[in-house]
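Engineer: below are the sequence and a predicted model; questions follow.
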Amino acid sequence: MKDGSCYEDLYQSALCRAKADWLVGINASRLFSVLYNQNLKVGRVQTPTLAMIVDRNQNVKEFVKEKYYVAHLTFGEFDAVSGHFQKKEEADKVASDCSERMCQVEKEDIQTKTVRSPKLYDLTSLQRDANRIFGYTAQQTLDAVQEMYEKKLVTYPRTDSQYLTDEMGESTRKLIQVLLCRMPFSEGMEYEPEVSKVLNSKKVSDHHAIIPTSEVEKADLQKLKEKERNILYLISARVLTATADSYIYETHKCQLTCNFHTFYFNARKTKQEADYGAVVGNKKKIFKKYFRFFRDGVNHAVAIFNRN
């Protein structure tokens, strides 16, 4: 056992916090409560944090948009942009100076990035995506998935796990084949699922992640309510995306000069496409919404509905 002197610094830091709570918290709380005739709380942590939020909110309110102009260098899909100009004439002059001139790359920064497939849905992540994509409240999502659970179309919804148990590997592979055949957005899609990525018995307590059941194969999906159908599509798409390859790409940031003017160019080059990523087009209409797989730089392997 260590000598008590080893913990002297911890003791002093705790004592400092206690004194600060007394001087700031207790005294200031009583002072401002008396001054404003209501129960107010002042703390050494919460009050400075609240002040930062207020200052930030005020800056947002006072923000004034400023119009600016830029010059473009274009060649096919290549599009480099200049810095900002306050006057249109300045941007026009730069564009004129660089017309049909040679460019030189001054700096280039290339980085390889990997976006891993998402985890399967637990209730919280499903509610979050349903709200972001469809505008459903947490209760509406829970009600919809609960009804489908009672119809035996999805597994138990009130779970906090995003994994399946190790022994569910073979049944998950069969489920994926069913989803590829039954889901309207997966027509023509073929890929080799990496089921092992979603299997981890140690991260499953009472209930595993939310996934469709094998009953989806013979169910009439058109008879489902719109909310139920949308949530089922969302859960099904997550099973497909969670078992797909990671998305690997390169980012290119270039600084160019043309006739003594500086331009900037950003580009992305795919090195490894997720198996399904380019298969489903963004024109497949599903009940006034488009279903497509997309890359947003944060979560490539996510399926979303685009609102019209």
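Structural biologist: On my side now, so go ahead. Numbering: from 1, shown residues only.

Engineer: quick one: low-confidence ranges for this structure?
Structural biologist: Along the chain, segments meeting pLDDT under 70 span 271-308.

Engineer: let me see the domain layout of it.
Structural biologist: Domain assignment for the chain by automatic domain parsing gives 4-62, 110-254+266-308.

Engineer: now find how far off-centre the last one is within its chain.
Structural biologist: It stands for domain 110-254+266-308. Domain 110-254+266-308 sits 13 Å away from the centroid of its parent chain (C-alpha atoms, centre = their mean, to the nearest Å).

Engineer: then the first one?
Structural biologist: Relative to its chain's centre, domain 4-62 lies at 33 Å (C-alpha atoms, centre = their mean).

Engineer: just the helices in the stretch 151-300 of the chain please.
Structural biologist: Ranges of helices in the stretch 151-300 of the chain, per DSSP state H, counting those that start in this stretch, are 169-182, 226-242.

Engineer: just to revisit the earlier point, winner for burial among the domains of the chain?
Structural biologist: Mean neighbour count (mean count of other C-beta atoms under 10 Å) peaks for domain 110-254+266-308 among the domains of the chain, with a mean of 17. In this view, the C-beta of every residue, glycine as well, is placed from N, C-alpha and C.

Engineer: just give me the neighbour total for D109.
Structural biologist: D109 has 10 neighbours, counted by other C-beta atoms under 10 Å.

Engineer: are we agreed that it is in a helix?
Structural biologist: No: secondary structure of D109 (DSSP: H, G, I helix; E, B strand; the rest coil): strand, not part of a helix.

Engineer: still on that earlier bit, go through the helices of the stretch 151-300 of the chain and name the closest to D92.
Structural biologist: Closest to D92 of the helices of the stretch 151-300 of the chain is helix 226-242 (C-beta to C-beta; 45.9 Å).

Engineer: related to what we said a few turns ago, would you reformat the helices of the stretch 151-300 of the chain as TSV and include distance to D122?
Structural biologist: Output for the helices of the stretch 151-300 of the chain, formatted as TSV (distance: least, C-beta to C-beta, whole Å):
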stretch	distance to D122
helix 169-182	16
helix 226-242	11
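
Engineer: tell me which of those helices lies nearest to K269.
Structural biologist: Closest to K269 of the helices of the stretch 151-300 of the chain is helix 226-242 (C-beta to C-beta; 21.8 Å).

Engineer: send the alpha carbons of the closest one over as PDB?
Structural biologist: Provided in PDB are the C-alpha atoms of helix 226-242 (Å, rounded to 0.1, in the frame of the first residue of the first chain):
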ATOM      1  CA  GLU A 226     -46.300   3.700 -43.700                       C
ATOM      2  CA  LYS A 227     -44.400   4.300 -40.500                       C
ATOM      3  CA  GLU A 228     -43.900   0.600 -39.900                       C
ATOM      4  CA  ARG A 229     -42.800   0.100 -43.500                       C
ATOM      5  CA  ASN A 230     -40.300   2.900 -43.300                       C
ATOM      6  CA  ILE A 231     -38.800   1.700 -40.100                       C
ATOM      7  CA  LEU A 232     -38.600  -1.900 -41.400                       C
ATOM      8  CA  TYR A 233     -36.700  -0.600 -44.500                       C
ATOM      9  CA  LEU A 234     -34.400   1.300 -42.200                       C
ATOM     10  CA  ILE A 235     -33.700  -1.700 -40.000                       C
ATOM     11  CA  SER A 236     -33.200  -3.900 -43.100                       C
ATOM     12  CA  ALA A 237     -30.800  -1.500 -44.700                       C
ATOM     13  CA  ARG A 238     -28.700  -1.300 -41.500                       C
ATOM     14  CA  VAL A 239     -28.300  -5.100 -41.600                       C
ATOM     15  CA  LEU A 240     -26.900  -4.900 -45.100                       C
ATOM     16  CA  THR A 241     -24.700  -1.900 -44.500                       C
ATOM     17  CA  ALA A 242     -23.300  -3.200 -41.200                       C
END
